[in-house]
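K.L.:
Turn this into a model:
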Amino acid sequence: MMMEKTVASFFLSMMILSLLDGTSNASEINVITTCAVAETLLLPCISYLQGVGSAKPSGSCCSAATRVFIKEATTTKNRRALCQCFKRIVPILGVNPDRSKQLPRLCNIRLSFPLDPKINCNSIPF
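P.N.:
The predicted structure follows:
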C-alpha cells in the first residue's frame, strides 16, 4: 500500500511539473524533457529519499543516480536544469534533505554540487 502511494505521488508530481513548466520555447522543452527523464530514472530512489525503508540507497537507486548525474548530465545547461528540477520536486515528493545530501556519497558519485534543496543552481560550479 505504501509503495502504491509513493508511485502515485511521483506520477502526480510529474503531471504537476509538466503543467507548471508548459511552454513553446524549444530550449525550455529540452529542460522539461530532461526533468521528466530524470524523475523517471530516479524512481528507484524515491523510498530512500523520502526516508522510508533502508538508511542506504539500493543498488538500483545508485545505478539510476549515476546515470542521471554523471552519464546524462554532460553539459552545464543539463546539470543546471536537473538542479532546478530537483529543487522543484523535493517539496512535492516529501524528500528528506539529509537523505538527498547523503545520496552521492553513499552511491560513490562525485558531484561538483551538493544535492541540497537550498542550493542556488545558477551560482554553483559545473
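K.L.:
If you average the pLDDT over stretch 59-68, what comes out?
P.N.:
Across stretch 59-68, pLDDT averages out at 93.
K.L.:
And the contacts of that stretch?
P.N.:
With CB atoms under 8 Å, 6 or more residues apart in numbering as the test, stretch 59-68 has contacts from 38, 41-45, 48, 57, 82, 103-104, 106-109. Yep, even glycine has a C-beta here, placed from its N, CA and C like the rest.
K.L.:
Pull out the buried members of those.
P.N.:
Burial by neighbour count, 16 or more other CB atoms under 10 Å: within the contacts of stretch 59-68 this picks out A38, L41, L42, P44, C45, Y48, P57, L82, L103, P104, C107.
K.L.:
so what's the most centrally placed residue in the chain up against?
P.N.:
Central residue of the chain (CA atoms, centre = their mean): F86, 4.4 Å from the mean position. Going by CB under 8 Å, 6+ apart, F86 touches A38, S100, L115, P117.
K.L.:
Let me see the confidence value for it.
P.N.:
The score at F86 is 87. That number is its pLDDT.
K.L.:
which SSE is it in?
P.N.:
helix 76-93 (DSSP states H and E).
K.L.:
So which bits of that helix are buried?
P.N.:
Buried positions in helix 76-93, judged by neighbour count with 16+ other CB under 10 Å: 78-90, 93.
K.L.:
Need those in JSON lines (columns: distance to G53).
P.N.:
Below are the buried residues of helix 76-93 laid out as JSON lines (distance: CB to CB, whole Å):
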{"residue": "N78", "distance to G53": "30"}
{"residue": "R79", "distance to G53": "28"}
{"residue": "R80", "distance to G53": "31"}
{"residue": "A81", "distance to G53": "29"}
{"residue": "L82", "distance to G53": "24"}
{"residue": "C83", "distance to G53": "26"}
{"residue": "Q84", "distance to G53": "27"}
{"residue": "C85", "distance to G53": "23"}
{"residue": "F86", "distance to G53": "20"}
{"residue": "K87", "distance to G53": "24"}
{"residue": "R88", "distance to G53": "24"}
{"residue": "I89", "distance to G53": "19"}
{"residue": "V90", "distance to G53": "18"}
{"residue": "L93", "distance to G53": "15"}
